[in-house]
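> Below are the sequence and a predicted model; questions follow.
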Amino acid sequence: MRAIVIGAGIGGIAAAIRTARLGYDVTVFESAPGPGGKLSSFEQDGFRFDRGPSLFTMPQYVDELFELCGENPRDYFHYRREEVVCRYFWDDMDRLIAYADPDLFSQEAANVFNVDAHLVRKALDASETKYTYSGKIFLEKPLHKLSTWLSKDVLTAIPRLAQMDLDDTMHAVNQRQLKHPKLVQLFDRFATYNGSNPYRAPGILTVIPTFEHLIGTFLPKGGMFDITSSLVALAKRQGVKFHFESKVQNVLHTGTRVTGIELNSGETHKADLIVNNADVHFFYQNLIKDVKLPKRTLTQERSTSAIIFYWGIRGDFKELGLHNIFFSNDYKAEFEALQSGTIANDFTVYVNATSKYVQGEAPEGTENWFVMVNAPYDRGQDWQKEISRIREHTITKLSKIMSKDLRSAIQTERTWTPPEIQVDTGSYLGALYGTSSNSKFAAFFRHRNESKQFENLFFVGGSVHPGGGVPLALLSAKIAADLMPRST
Ligand SMILES: Cc1cc2nc3c(=O)[nH]c(=O)nc-3n(C[C@H](O)[C@H](O)[C@H](O)COP(=O)(O)OP(=O)(O)OC[C@H]3O[C@@H](n4cnc5c(N)ncnc54)[C@H](O)[C@@H]3O)c2cc1C
């Protein structure tokens, strides 16, 4: 039987592998010239840059795809665990090295901020408890199935409901647990993992520090794009065929079944099963006609987007590690601005430089910086004007904190704005993570992984359950495949 996957984002590639394992003859149609969507890569003036994701968590979800195919992941895909997950900088020259090891991290925070190390350790333990009792339910299972709610995982979680902090915001939980304003800011920043606002997102999202400090962060040997390229190679070994520059413009259907696709060239392809990896909003808006729209899903608030500067930098920045965060002075004002569609005068800057650890990413004596600032999703703002303001402030802020002239160190540059993210990856309004998680019901309003109307149509990727980010997009493919029939 034939299966078609629309989109070669990381969720689409994982779905192609899993669908092939169910016995289907799988073809992926991707509108871009290459695979990966947000997790793609480009080169400029001798520098290699990962386009989007820079933080790699939960590598086991990549490994298990190799294992599913009877291969040893270590024969094809290599990564190392990072000892330092992030270096944090503040304008007043406070600095903190966030060690992956929870005790080392707690002690470092205690030393820098003159607080009790147990306070930090206890916050991490509370985070881990949330993960232990809610992770499987919300990340690995379909939420619309009764079997999920009757499972042993739910029964063991029920007595822990009070510890899930569902009725407080993330910020309120962090404030209660950590008290020191800079530590609260540091733990609030985990809301940006899925493009949410810590002052509105539910307290259960304080589960996120577990990923960094208890499970760990990782770096693929060849940078983030290794995830995409090694999974595409695995898919090809499973017989999956990829067609690039092949934009799907119509999904054909009769009765309760989808029957195939039409490309923008006019070419049609029949299918017994279709997996959609394109943003679910665009799927209903552009790719399928004469169907009932899932209105509640489509009206959910979008996650934040970003402005990214890819800078080839001359010099040696020893104070920086792989991941670095330069905090704003007023985090609340920063999120209020994002909520209202702007970027505050002072804002947090993320700097990642894989060339510090990956050979051949940048010419001798230089580094490849991925510099990201959270931005609202696109509402028609004047992004070119924003770019020059954000660039100026970023250079001034970082130069001052590092006591270095960053302006003259920039050797090559490229930018990515919310409307360009939409054009390049088909992400509605340029949102990085689909819908936001700013409500405790957000998980329930995300689109499910199987269609309600068509028995052979499935959905994967960051815009559907369980949500945005590389690990969750990989999990969406696992949940979808568990719902698919085997090929006969
Ligand atoms: C700047 C940035 C930073 C990020 N940082 C992180 C991070 O540090 N860690 C992390 O885990 N996540 C991060 N993310 C989020 C993560 O990249 C995404 O959640 C994940 O990659 C989404 O995967 P996906 O499967 O939804 O596919 P996408 O990457 O959204 O790709 C969808 C694909 O479908 C294709 N497509 C769309 N419409 C059609 C059509 N009609 N026909 C054919 N093809 C079509 C698109 O061209 C695209 O290739 C970041 C994202 C960005 C942009």
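It's in. What you are looking at is a predicted structure, and each value in this text was computed from that prediction instead of being measured.

> Quick check, residue 83 in contact with residue 97.
No: contact status for residue 83 versus residue 97: not in contact, 9.7 Å apart, counting by CB atoms under 8 Å. The way it works is simple: take the backbone N, C-alpha and C, and place the C-beta from them, glycine included.

> So which of these two has more stuff around it?
A side-by-side neighbour count of residue 83 and residue 97, using other CB atoms under 10 Å, places residue 97 first with 16 against 13.

> which residues does the more buried one bridge with?
Assessed by DSSP bridges, residue 97 has beta-bridge partners residue 87.

> Pull the contacting residues for it.
When contacts are counted by CB atoms under 8 Å, 6 or more residues apart in numbering, residue 97 is found next to 84, 87, 88, 108, 321.

> what's the most distant pair in the residues you listed?
Between any two of the contacts of residue 97, the greatest separation by CB to CB is 13.4 Å, found for 108 and 321.

> Neighbours of whatever residue of the stretch 301-450 of the chain ends up closest to the ligand, how many?
Taking CB to the nearest ligand atom as the measure, the point where the stretch 301-450 of the chain comes nearest the ligand is residue 426, at 3.1 Å. Close neighbours of residue 426, defined as other CB under 10 Å, add up to 25.

> now residue 178
Using other CB under 10 Å, the number of residues around residue 178 comes to 22.

> count of neighbours near the closest residue in space to it that isn't next to it in sequence?
Nearest residue to residue 178 in three dimensions, chain neighbours excluded: residue 184, at 5.1 Å (CB to CB, 6 or more residues apart in numbering). As a burial measure, the neighbour count of residue 184 was computed by other CB under 10 Å and equals 22.

> And residue 167, by the same measure?
By other CB under 10 Å, neighbour count at residue 167 equals 11.

> Distance-wise, check it relative to the ligand.
Separation of residue 167 from the ligand (CB to the nearest ligand atom, to the nearest Å) stands at 28 Å.

> ditto for residue 83
Separation of residue 83 from the ligand (CB to the nearest ligand atom): 18 Å.

> What of residue 181?
The value you get for residue 181 to the ligand, if CB to the nearest ligand atom is used, is 25 Å.

> same deal with residue 486?
If you measure residue 486 against the ligand using CB to the nearest ligand atom, the figure is 23 Å.

> Look at whatever residue of the stretch 151-300 of the chain ends up closest to the ligand and report its pLDDT.
Minimum separation of the stretch 151-300 of the chain from the ligand (CB to the nearest ligand atom) falls at residue 278, amounting to 3.3 Å. According to the model's per-residue confidence, residue 278 sits at a pLDDT of 98.

> Show me where the stretch 1-150 of the chain has its helices.
For the stretch 1-150 of the chain, the helices identified by DSSP state H, counting those that start in this stretch occupy 10-21, 60-68, 102-113, 117-140, 146-149, in order along the chain.

> just the stretch 351-488 of the chain next, same as before
For the stretch 351-488 of the chain, the helices identified by DSSP H, counting those that start in this stretch occupy 383-402, 418-425, 442-445, 470-483, in order along the chain.

> cool, the stretch 151-300 of the chain as well?
Listed in chain order, the helices of the stretch 151-300 of the chain (DSSP H, counting those that start in this stretch) span residues 152-157, 170-178, 181-188, 209-210, 225-237, 280-282, 295-298.

> on that earlier part again, could you provide the contacts of residue 97 in JSON lines, with additional columns for neighbour count?
Formatted as JSON lines, those follow (neighbours: other CB atoms under 10 Å):
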{"residue": "84", "neighbour count": "18"}
{"residue": "87", "neighbour count": "18"}
{"residue": "88", "neighbour count": "21"}
{"residue": "108", "neighbour count": "18"}
{"residue": "321", "neighbour count": "20"}
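
> ok, so of those, who is nearest residue 144?
Compare each of the contacts of residue 97 with residue 144 using CB to CB and the shortest gap goes to residue 88, at 39.3 Å.

> Those residues of the protein touching the ligand, which are they?
Where the chain comes near the ligand, counting by CB under 6 Å from any ligand atom, the residues are 6-12, 29-32, 37-39, 52-55, 247-248, 277-278, 287, 306, 308, 372, 421, 425-427, 432-433, 461-462, 468-470, 473.

> Mind checking which of those residues land in strands?
Taking DSSP state E as the definition of strands, those contribute 6, 29, 248, 306, 308, 372.

> Might you report the residue contacts of the spatially closest residue to residue 78 that is not a sequence neighbour?
Closest residue to residue 78 apart from its sequence neighbours, by CB to CB, 6+ apart: residue 221 at 4.0 Å. For residue 221, the contacting residues are 78, 79, 80, 358, taking CB under 8 Å, 6+ apart as the criterion.

> so what's the second one up against?
Translated: residue 79. So, once contact is read as CB under 8 Å, 6+ apart, residue 79 ends up touching 56, 59, 218, 219, 220, 221, 226.

> and the fourth one, how many neighbours?
Each residue near residue 219 was counted by other CB under 10 Å, and the total is 24.

> Next: the fifth one.
By other CB under 10 Å, 22 other residues sit near residue 220.

> you'd agree residue 66 is up against residue 76?
Yes: if you go by CB under 8 Å, residue 66 and residue 76 touch, sitting 6.4 Å apart.

> Break the chain into its domains for me.
Each structural domain of the chain that the record assigns through automatic domain parsing is listed here as a residue range: 2-40+55-75+223-300+438-483, 120-212.
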